[in-house]
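Undergrad: What follows is a predicted structure for the sequence shown.
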Amino acid sequence: MDIEGGKPVAKRSFGTIEKLKSGNYRAFWKNGTTIIRAPSTFPHKKPAQEWLAAQQTAYASGQFDPTRPVVSEPEERRSLTLDQWVNEYLGRHAEAGTLAPKTIQSYRSCYRANLRDRFAKCPLSSITKEDVRSWYNGFDPTRPGARRSTYRVFSALMHAAVEEGLIPESPVAVKGAVTKKRRTIDNPRTIVATPKQVAALAAAMPDELAITVLLGFWCSMRYGEITELRRKDIDFGENDNTATIHVSRAVQYASGFGYTVGPPKTEAGIRDIAVPQAMIPALRNHLDTYVVQDRDALLVHSPTSITRWLSNKSLNGHFKKAPRAVPDLDPRFTFHGLRHSGLTHAGQCGATLAELLRRAGHSDINTVLIYQHATRERDA
């Protein structure tokens, strides 16, 4: 029995289990002319067997409810358009909390801006590799970052459709599409500030926000990690000679969701950061001057409330002006450039790949290789 194109792996008296190309298993059974499928695939065969056994028990005892959402006709499922699938897939993850709100917002934004006009009404099964290649090659060449991001979203959506058994394989398979070219010197994200320039940037910020600049550069922290940092996350050693920042959370803002707090961007983002000794006095002064004594007090906060997070808009409103006050620093320098500059500086000082990975909270070694490239170029 092969109803939806998978490879049967077990002959059963009740239902069918199929192994997908991804290695996952799907399970379904037939009730008259209706196909009842599991609401998701399984990483191993045993839970698929257990699902079918539970279905058989419910059916035999008369407790089976044929109106529940897991019932669907295979032809109806296979005729889903991309627009319908996007809404179903993202809606499911939003309800289950299995994707961060910012990720859902990013997926929807990429889809609406770059995919919807071309593919919204196309049934999933009708989208071919040639269609995807034509879309990819016709993308505005001056926006490589948007093309790469949208391609990743497209790929994730179609691979999820494969997992659901809606299509046999993903048509999103353009060779080299996600290869990240090294940024050129004209890209503002490649601008590197020196420690002296960083000190000048901090001085150009409002006093209560200067610490964000120092944390971004010297501790290689992301914006969302800095704005969720609280008094309890900082431990000082004896006589304040050492300090450690414990990073375990980050805050994000997403339209429709508001502010949400969760783990950092990657699993490796949960880390302890040793604060450079030269920065400890500034950190201690900030805590004493601008942060209330409560352990849960935010290090930086909204101008209107000490319990609300500092918004990206508010911080960047001040930071965009700061580079203009720093001699020899490109005025296009961004807040993210602090993290890039700090890690580049660490690479120039001889930090190993393992040290850069740990300090930055990166999980991809290719990312931190960027900062060791800087070291080799400086050596040459």
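TA: Yes, it's here.

Undergrad: could you list every residue that touches residue 119?
TA: Residue 119 sits next to 82, 127, 131, 135 when contact means C-beta atoms under 8 Å, 6 or more residues apart in numbering. Every residue, glycine included, has its C-beta placed from N, CA and C.

Undergrad: again, but for residue 255
TA: Residue 255 sits next to residue 105 when contact means C-beta under 8 Å, 6+ apart.

Undergrad: Could you measure from it over to residue 310?
TA: 18 Å (C-beta to C-beta, to the nearest Å).

Undergrad: Would you map out the domains in this protein?
TA: The chain resolves into domains spanning 16-61, 77-164, 195-378 when parsed by the TED database.

Undergrad: what's the least confident stretch among those domains?
TA: Least confident of the domains of the chain, judged by mean pLDDT, is domain 16-61 with a mean of 80.

Undergrad: and it, how far apart are its ends?
TA: Start and end residues of domain 16-61 are separated by 20 Å (C-alpha to C-alpha, to the nearest Å).

Undergrad: Could you pull out the buried residues of the lengthiest strand in the chain?
TA: Determined from DSSP state E, the single longest strand within the chain is strand 25-31. Neighbour counts using 16 or more other C-beta atoms under 10 Å place 25-29 of strand 25-31 among the buried residues.

Undergrad: Likewise for stretch 240-253?
TA: Going by neighbour count (16+ other C-beta under 10 Å), the buried part of stretch 240-253 is 243, 245, 247, 249-253.

Undergrad: Now do the longest strand of the chain: which elements does it pack against?
TA: In this structure, strand 25-31 packs against strand 16-19, strand 34-37, helix 45-60, with contacts taken as 3 or more C-beta pairs under 8 Å, 6 or more residues apart in numbering; DSSP states H and E.

Undergrad: out of those, deepest packed?
TA: Comparing the helices and strands packed on strand 25-31 by mean neighbour count (mean count of other C-beta atoms under 10 Å), strand 16-19 comes out on top with a mean of 21.

Undergrad: elements contacting that strand?
TA: strand 7-10, strand 25-31, helix 45-60.

Undergrad: would a markdown table of these with distance to residue 323 be doable?
TA: Putting the helices and strands packed on strand 16-19 into a markdown table (distance: least, C-beta to C-beta, whole Å) gives the following:
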| stretch | distance to residue 323 |
| --- | --- |
| strand 7-10 | 58 |
| strand 25-31 | 54 |
| helix 45-60 | 54 |
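
Undergrad: ok, residue 210 to residue 319 distance?
TA: Applying C-beta to C-beta to residue 210 and residue 319 gives a distance of 11 Å.

Undergrad: repeat for residue 278
TA: Counting by C-beta to C-beta - residue 278 and residue 319 are separated by 22 Å.

Undergrad: neighbour count winner among the two?
TA: It is residue 319, of residue 278 and residue 319, that has more neighbours when counted by other C-beta atoms under 10 Å, with 22 against 11.

Undergrad: Nearest spatial neighbour of the more buried one, chain-adjacent residues omitted?
TA: In space, and not counting its chain neighbours, residue 319 is closest to residue 335: 5.1 Å by C-beta to C-beta, 6 or more residues apart in numbering.

Undergrad: residues in contact with that neighbour?
TA: So residue 335 contacts 212, 216, 223, 315-316, 319 (C-beta under 8 Å, 6+ apart).

Undergrad: Go through those residues and name the one nearest residue 234.
TA: Ranked by distance to residue 234 (C-beta to C-beta), the contacts of residue 335 are led by residue 212 at 14.4 Å.

Undergrad: so how many other residues sit close to the closest one?
TA: Using other C-beta under 10 Å, residue 212 has 26 neighbouring residues.

Undergrad: now it, nearest residue through space, not along the chain?
TA: Going by C-beta to C-beta, 6+ apart, residue 212 has residue 226 as its nearest residue, at 5.5 Å.

Undergrad: again, but for residue 275
TA: residue 243 (4.0 Å).

Undergrad: and that neighbour, how far is that from residue 284?
TA: Taking C-beta to C-beta as the measure, residue 243 falls 8 Å from residue 284.

Undergrad: Overlap of the contact sets of the two?
TA: residue 236.

Undergrad: pLDDT wise, what is residue 12 at?
TA: On pLDDT, residue 12 comes in at 58.

Undergrad: Alpha carbons of the longest helix along the chain, in PDB - could you do that?
TA: In terms of residue count, the longest helix belonging to the chain (DSSP state H) is helix 144-163. The C-alpha trace of helix 144-163 is given here as PDB (Å, rounded to 0.1, in the frame of the first residue of the first chain):
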ATOM      1  CA  PRO A 144      22.200  39.200  -2.900                       C
ATOM      2  CA  GLY A 145      21.500  39.200   0.900                       C
ATOM      3  CA  ALA A 146      17.700  39.300   0.300                       C
ATOM      4  CA  ARG A 147      18.000  36.600  -2.400                       C
ATOM      5  CA  ARG A 148      20.000  34.300  -0.100                       C
ATOM      6  CA  SER A 149      17.600  34.800   2.900                       C
ATOM      7  CA  THR A 150      14.500  34.300   0.800                       C
ATOM      8  CA  TYR A 151      16.100  31.100  -0.800                       C
ATOM      9  CA  ARG A 152      16.700  29.700   2.700                       C
ATOM     10  CA  VAL A 153      13.000  30.400   3.600                       C
ATOM     11  CA  PHE A 154      11.800  28.900   0.400                       C
ATOM     12  CA  SER A 155      14.000  25.800   1.000                       C
ATOM     13  CA  ALA A 156      12.700  25.400   4.600                       C
ATOM     14  CA  LEU A 157       9.100  25.600   3.500                       C
ATOM     15  CA  MET A 158       9.400  23.100   0.800                       C
ATOM     16  CA  HIS A 159      11.500  20.600   2.900                       C
ATOM     17  CA  ALA A 160       8.800  20.800   5.500                       C
ATOM     18  CA  ALA A 161       6.300  19.900   2.800                       C
ATOM     19  CA  VAL A 162       8.400  16.900   2.000                       C
ATOM     20  CA  GLU A 163       8.300  15.900   5.700                       C
END
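
Undergrad: If anything else comes up later, I'll come back, but that's it for now.
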